[in-house]
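>>> Below is the sequence, then the predicted model.
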Amino acid sequence: MRLGGRLQAAIEILDDIETRKRPASDALKDWGLAHRFAGAGDRAVIGNIVYDALRRKLSIAWRMDSADARDIAYGALLSDAEMSAEAINAELADDKFAPAPLDAERLAAWESRDLAEAPDHIRADVPEWCAPHLEALFGNDWVREGAALAARPPVDLRVNTLKASRAKVLKELARAGAAEAPLLAGAVRIPPLRALGRHPNVQAEPAFQKGWFEVQDLGSQIAGLVAGAEPGQQVLDYCAGAGGKTLALAAMMENRGQIHAFDAEKPRLAPIFDRLKRAGVRNTQVHANPEDLVQFEGQMDIVLTDAPCTGSGTWRRRPDAKWRLSPQQLERREIEQREVLDAAKRYVKPGGRLVYVTCSLFASENNLQVEAFLRENPDYSEVDAKPLWQAAVPGAGEIAPIFPSHGMVLSPERTFSDGFFISVLKKAG
Ligand SMILES: C[S@@+](CC[C@H](N)C(=O)[O-])C[C@H]1O[C@@H](n2cnc3c(N)ncnc32)[C@H](O)[C@@H]1O
């Protein structure tokens, strides 16, 4: 396929996402199934245009003076894909599969409008109702932080120290553009895509099959480190899901002690078994039945609650979720978070730690949840977040998260990662 056909496909998929309010990954998958002639290169470029357009939907629409899917897709080519209007027109000129050309009026708007004059939530590319939430956390920096959540993300890898070193992984993935990640000695980063490039499929690499690394955002790796699991401890990963943090904890514990990985939704645990095997983890038991956990009440050195959340810190990677999120969903997540904290606390031993993590940047899911928990549970106290950060990320230098009450907040602007909130609470001994 040439650019014209790919662009037309991206426009149809954007329309599908908008009208049926469905996840981008589903819409892309369905398009791929219905167009089997399209190769991997076609699908990658179409996916790039769709994701770029979704990340910057509001700012592109404002500059184009149009919210039409076609104009947004053209805007994505003009911005993240780094193409000039002349280059786009030249590529599309004799392509019978291309959409109608970029309208002269739209192009004039694009070239004359200065985004600096747009309303704040448009510059930040976030739904207007989310603005107060981000402002509450970031103050005057909130627009910059929102815009950073609309940029292309890198691919981060966590080196599995049970099997490999960073040097080994870097050597193996040199051709994929892998480099040292910032902040963490055990992390590797493949920088964000440029133009219409394509990320290598690192999971097809022999080094991945051998369990040398996992795909995991830097922020998620830091959350695991801040949890502070040590060899020999008893740890409950209460919202283990597919096990991203379980694997990180197992490596920190050098396969010694015991991890219990639980999730209330059994299907979410499905990938964990293969991942544990590939990573060479031997100290983890997986539990789908809450009754299994009764025996662990009051026994755990650490209980990690990587709670269900809006995912507002991961909008770089799932920009469609940004536009689907509603205040009602936020309320539901807050209720679930209270339930998770309330249930998880009973497994912490006296003197043990309850670690609360979200990939959200909304105070109501983060420090306000912890504040309410501490009010209702006077046997818990907050562990000062600054020394926790310094211990987990000793080479950070001037780079630091935000320290709101009761924890730390990572963000693309502050810590070059997805957005995360991490809070560590100690139970009286
Ligand atoms: C953010 S995800 C976990 C991601 C995982 N820890 C990782 O690092 O890959 C949150 C998980 O919490 C689970 N969950 C939701 N409500 C729960 C509850 N009441 N008890 C336990 N797990 C719950 C969800 O099924 C989901 O898998």
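Nice, thanks for sending it over.
>>> Only C-alpha atoms from now on, for both contacts and neighbour counts.
OK.
>>> what element comes up after the helix or strand where residue 328 lies heading to the C-terminus?
Assigning secondary structure by DSSP states H and E places residue 328 in helix 327-344. The helix or strand immediately downstream of helix 327-344 is strand 348-358, counting by DSSP H and E.
>>> Say whether the ligand is contacted by that next one.
No: Strand 348-358 is not in contact with the ligand by Cα under 6 Å from any ligand atom; minimum separation 6.7 Å.
>>> Kindly report the same for stretch 156-176.
No: Stretch 156-176 is not in contact with the ligand by Cα under 6 Å from any ligand atom; minimum separation 12.2 Å.
>>> Strands of the stretch 1-150 of the chain, start to end?
Using DSSP state E, counting those that start in this stretch, the stretch 1-150 of the chain contains no strands.
>>> how about the helices in it?
3-20, 24-34, 40-55, 57-64, 69-78, 85-92, 104-112, 120-123, 131-138, 142-148 (DSSP state H, counting those that start in this stretch).
>>> For residue 174, find the nearest of those.
Residue 174 lies closest to helix 40-55 among the helices of the stretch 1-150 of the chain, at 20.9 Å (Cα to Cα).
>>> Quick one: work out the angle between that closest one and helix 3-20.
50 degrees (axes from the mean of the first three to the mean of the last three Cα atoms, to 10 degrees).
>>> now helix 40-55 against helix 57-64, angle please.
80 degrees.
>>> hmm, back to that, what would the helices of the stretch 1-150 of the chain look like in a markdown table with mean neighbour count, distance to the ligand and mean pLDDT?
Shown next, in a markdown table, are the helices of the stretch 1-150 of the chain (neighbours: other Cα atoms under 10 Å; distance: least, Cα to the nearest ligand atom, whole Å; pLDDT from 0 to 100):
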| stretch | mean neighbour count | distance to the ligand | mean pLDDT |
| --- | --- | --- | --- |
| helix 3-20 | 20 | 23 | 97 |
| helix 24-34 | 15 | 18 | 96 |
| helix 40-55 | 22 | 21 | 96 |
| helix 57-64 | 24 | 25 | 98 |
| helix 69-78 | 24 | 29 | 98 |
| helix 85-92 | 14 | 40 | 95 |
| helix 104-112 | 14 | 38 | 97 |
| helix 120-123 | 21 | 26 | 98 |
| helix 131-138 | 17 | 20 | 95 |
| helix 142-148 | 21 | 21 | 98 |
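>>> of all those, which lies closest to residue 391?
helix 131-138 (23.9 Å).
>>> Residue 215 contacts residue 187, doesn't it?
No: judged on Cα atoms under 8 Å, residue 215 makes no contact with residue 187 at a distance of 9.9 Å.
>>> Overlap in contacts, these two.
By the contact definition Cα atoms under 8 Å, 6 or more residues apart in numbering, residue 215 and residue 187 are jointly contacted by 156, 157, 158.
>>> In JSON lines, list the helices of the stretch 1-150 of the chain along with distance to residue 353.
Below are the helices of the stretch 1-150 of the chain laid out as JSON lines (distance: least, Cα to Cα, whole Å):
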{"stretch": "helix 3-20", "distance to residue 353": "42"}
{"stretch": "helix 24-34", "distance to residue 353": "37"}
{"stretch": "helix 40-55", "distance to residue 353": "37"}
{"stretch": "helix 57-64", "distance to residue 353": "41"}
{"stretch": "helix 69-78", "distance to residue 353": "45"}
{"stretch": "helix 85-92", "distance to residue 353": "56"}
{"stretch": "helix 104-112", "distance to residue 353": "53"}
{"stretch": "helix 120-123", "distance to residue 353": "38"}
{"stretch": "helix 131-138", "distance to residue 353": "25"}
{"stretch": "helix 142-148", "distance to residue 353": "31"}
